[in-house]
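Engineer: Sequence and predicted model, in that order:
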Protein chains: 2
Amino acid sequence: MSEGSLAIVCGSGALALEAAAVARAGGREVYLIGLAGSATRDIEAYPHVWLRLGEFGRLFSTLKQWGVAEVAMLGAVSRPDFSDLKLDWGALKRVGEIVGLLGRGDDALLVGFAGMIEQEGFRVVGVADFAPGLLAPAGMIVGRAPGPETQAEIAFGSQMLNALSPFDVGQGAVIAGRRVIAVEAAEGTDAMLSRVAELRSSGRVRLKGKAGIFIKAAKRGQDMRLDLPAVGPGTIAAAARAELRGLALAAGQILIAEREKFVAAADAAGLFVFGWPT
Amino acid sequence: MSEGSLAIVCGSGALALEAAAVARAGGREVYLIGLAGSATRDIEAYPHVWLRLGEFGRLFSTLKQWGVAEVAMLGAVSRPDFSDLKLDWGALKRVGEIVGLLGRGDDALLVGFAGMIEQEGFRVVGVADFAPGLLAPAGMIVGRAPGPETQAEIAFGSQMLNALSPFDVGQGAVIAGRRVIAVEAAEGTDAMLSRVAELRSSGRVRLKGKAGIFIKAAKRGQDMRLDLPAVGPGTIAAAARAELRGLALAAGQILIAEREKFVAAADAAGLFVFGWPT
């Protein structure tokens, strides 16, 4: 179990702050590292520093100064190009490693970054360690239990995501019956759901009324401390525009941001949200 | 080998007519069936009939009247909804089968349709049987032989397409290094390539200069007589907008429409086209 003081590296989105609040409510001292250009000024409600990507020297010296033993990373960060990095002296000794990572998939990039943090003597922890309540639970989250048709869609979709898993590609898809309507890659969940809405409104994909599900999982073998897939109220809005019947989230693998708004929005849109046991 | 007279069921696009011309040049009698709303009036240069989807009775009586032994299907058809079908008396005895097929993936729909044609005593043939020159050959089609970087992208992409294959989902992707930028499903190749262009121009996907490849294959286990994936000059234009380095087509599995224009466009855009041996 996690304990003692905790630092959270904050990208964009509400989740880093929600996780910080949970950790603080649990009695931990929480320090935040805001990534410039990604995190919001809300992080300033905590002891914090602002860093630019590439300031590895300042990152490690700050963590040591705070005396934290554990570090978490939450929220989205635009994938950096080498020229975006503000490398400091502490980064220079790792420049070969950094350049090597930038050519890899997002997962490999984060795993490499986590490895660099651990080499400095910190423990990298995940939401499951210190704020498990932010993860999708197993079972119904919103709405009624899925019938056989939906169960079949979930089984088919989860098999497909499993097959894609080794390729470090976004683990989301829209399934209607046994048809794969869309597969998520670099465009992200919201863009994929918008595409489904367009395919339907243009008549290119023809489904009657509310049809199909959005299914999402972490990649198999993904380091569960890092960059878990997340959904939130925006996901519900996008799924409603795509006229889906609901969302199937891999239990324990998907973060739900702004849970109250998320549940209220799904309820209002008549979408089910189900945490499928993996 | 194919011989005797041949009927081609024509959807949209140039390929049905190109295939008809090849078959006729090879000395075969060629009859065309234009699917209303999909085929163009160019089919009228051949002995032909126009049919609407669902006119199974007229289809079979026409084929018998022409005395053809072999039937091919080429070109795209908008996926029909049950209410779009103009079922005739010949269709009514198959209505259960038709309704069952409409809930399936595109492949299953076509395989079912081919099965119905064969049950009537016709042989369903593919382009490989009567116009193999329309398929992508193995080796360089346009440009220079791929270097090690491109070979690695092709290997990675082909493994991913292979993993997706059992799920009856469009077998195309954009790969850059070991990153999957986009996976094609119901939106089709051109929309997927447009998405990549947008992801790059918006900065969401950042690649330097010309980067990445479009890779395309037929699905494993796909009936190679039916609905082979196709590329054409429009594919080149879309790949150029996405600033890719080239196209990798599974040899013998991909139709190339308007070959001369296709090659000239790739050449002008500086894109390689490579037929990878499967």
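Structural biologist: Happy to help now that I have it. Residues are numbered from 1 along each chain as shown, chains lettered A, B, ... in the order given.
Engineer: hey, let's count contacts and neighbours off CA atoms from now on
Structural biologist: Will do.
Engineer: From start to finish, how long is stretch A:219-237 in a straight line?
Structural biologist: End-to-end distance for stretch A:219-237: 24 Å, by C-alpha to C-alpha, to the nearest Å.
Engineer: In a strand, A:S38, correct?
Structural biologist: No - using DSSP: H, G, I helix; E, B strand; the rest coil, the assignment for A:S38 is coil, not a strand.
Engineer: my read: it touches A:A16, true?
Structural biologist: No - counting by C-alpha atoms under 8 Å, A:S38 stays clear of A:A16, with 11.2 Å between them.
Engineer: any shared contact partners between these two?
Structural biologist: Shared contacts of A:S38 and A:A16, defined by C-alpha atoms under 8 Å, 6 or more residues apart in numbering or on different chains, are found at A:C10.
Engineer: the more surrounded of these two?
Structural biologist: It is A:A16, of A:S38 and A:A16, that has more neighbours when counted by other C-alpha atoms under 10 Å in any protein chain shown, with 25 against 16.
Engineer: quick one: contacts for the more buried one?
Structural biologist: A:8-10, A:73-75.
Engineer: And A:R41, by the same measure?
Structural biologist: By C-alpha under 8 Å, 6+ apart, the contact list for A:R41 is empty.
Engineer: Nearest the geometric middle of chain A, what residue?
Structural biologist: Relative to the mean C-alpha position of chain A, the nearest C-alpha, by C-alpha atoms, centre = their mean, is the one of A:P229, at 2.9 Å.
Engineer: Show the low-confidence segments of the stretch 101-250 of chain A, by residue range.
Structural biologist: Scanning the stretch 101-250 of chain A for pLDDT under 70 picks out A:103-107, A:170.
Engineer: if you set the cut-off to 80 instead, what comes out?
Structural biologist: Applying pLDDT under 80 to the stretch 101-250 of chain A flags the ranges A:101-110, A:170, A:220-222, A:227.
Engineer: Now do the strands in the stretch 1-150 of chain A.
Structural biologist: Secondary structure of the stretch 1-150 of chain A (DSSP state E, counting those that start in this stretch): strands located at A:6-10, A:30-35, A:48-51, A:70-74, A:123-124, A:139-142.
Engineer: Export the ones you listed to JSON lines and append columns for distance to chain B and mean neighbour count.
Structural biologist: Listed next are those as JSON lines, based on distance: least, C-alpha to the nearest C-alpha, whole Å; neighbours: other C-alpha atoms under 10 Å in any protein chain shown:
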{"stretch": "strand A:6-10", "distance to chain B": "19", "mean neighbour count": "25"}
{"stretch": "strand A:30-35", "distance to chain B": "17", "mean neighbour count": "24"}
{"stretch": "strand A:48-51", "distance to chain B": "21", "mean neighbour count": "18"}
{"stretch": "strand A:70-74", "distance to chain B": "19", "mean neighbour count": "24"}
{"stretch": "strand A:123-124", "distance to chain B": "25", "mean neighbour count": "18"}
{"stretch": "strand A:139-142", "distance to chain B": "26", "mean neighbour count": "18"}
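Engineer: among those, which is nearest B:G27?
Structural biologist: strand A:139-142 (64.3 Å; C-alpha to C-alpha).
Engineer: Just list what the closest one packs against, helices and strands only.
Structural biologist: Secondary-structure packing of strand A:139-142 (3 or more C-alpha pairs under 8 Å, 6 or more residues apart in numbering or on different chains; DSSP states H and E): helix A:259-269, strand A:272-276.
Engineer: quick one: the first one to strand A:272-276, angle?
Structural biologist: Yep, that's helix A:259-269 we're talking about. 120 degrees (axes from the mean of the first three to the mean of the last three C-alpha atoms, to 10 degrees).
Engineer: Dump helix A:259-269 to CSV, restricted to CA.
Structural biologist: The C-alpha trace of helix A:259-269 is given here as CSV (Å, rounded to 0.1, in the frame of the first residue of the first chain):
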residue,chain,number,x,y,z
ARG,A,259,-17.9,10.9,-11.6
GLU,A,260,-21.0,12.8,-10.5
LYS,A,261,-21.4,14.8,-13.7
PHE,A,262,-20.5,11.7,-15.7
VAL,A,263,-23.3,9.6,-14.1
ALA,A,264,-25.8,12.4,-14.3
ALA,A,265,-25.0,12.9,-18.0
ALA,A,266,-25.3,9.2,-18.9
ASP,A,267,-28.6,9.0,-17.0
ALA,A,268,-30.0,12.0,-18.8
ALA,A,269,-28.9,10.7,-22.2
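Engineer: Give me the helices and strands touching that helix, please.
Structural biologist: By 3+ C-alpha pairs under 8 Å, 6+ apart, helix A:259-269 packs against strand A:139-142, helix A:233-241.
Engineer: Kindly recompute the last result at 6 Å.
Structural biologist: Judged by 3 or more C-alpha pairs under 6 Å, 6 or more residues apart in numbering or on different chains; DSSP states H and E, helix A:259-269 is in contact with no other helix or strand.
Engineer: What's the mean pLDDT across it?
Structural biologist: Across helix A:259-269, pLDDT averages out at 97.
Engineer: One more: the last one?
Structural biologist: For strand A:272-276, the per-residue pLDDT values average out at 96.
Engineer: for stretch A:44-62, same thing?
Structural biologist: Stretch A:44-62 comes out at a mean pLDDT of 92.
Engineer: Contacts for stretch A:192-209 next, please.
Structural biologist: A:184, A:238, A:241-242 (C-alpha atoms under 6 Å, 6 or more residues apart in numbering or on different chains).
Engineer: Among those, which one lies nearest to chain B?
Structural biologist: Taking C-alpha to the nearest C-alpha as the measure, A:E184 is the one of these closest to chain B, at 7.0 Å.
Engineer: before we move on, back to that, keep only those of the contacts of stretch A:192-209 that are also close to chain B.
Structural biologist: For chain B, no contacts are drawn from the contacts of stretch A:192-209 by C-alpha under 6 Å from any C-alpha of the partner chain.
Engineer: a markdown table for these, including neighbour count?
Structural biologist: Below are those laid out as a markdown table (neighbours: other C-alpha atoms under 10 Å in any protein chain shown):
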| residue | neighbour count |
| --- | --- |
| A:E184 | 25 |
| A:A238 | 20 |
| A:R241 | 17 |
| A:A242 | 25 |
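Engineer: Among those, find me the one that's closest to A:Q159.
Structural biologist: Looking across these and measuring by C-alpha to C-alpha, the closest to A:Q159 is A:E184, at 14.9 Å.
Engineer: I'd like the distance between that closest one and B:D168.
Structural biologist: Taking C-alpha to C-alpha, one finds A:E184 at 16 Å from B:D168.
Engineer: got it, and A:A152?
Structural biologist: Taking C-alpha to C-alpha, one finds A:A152 at 16 Å from B:D168.
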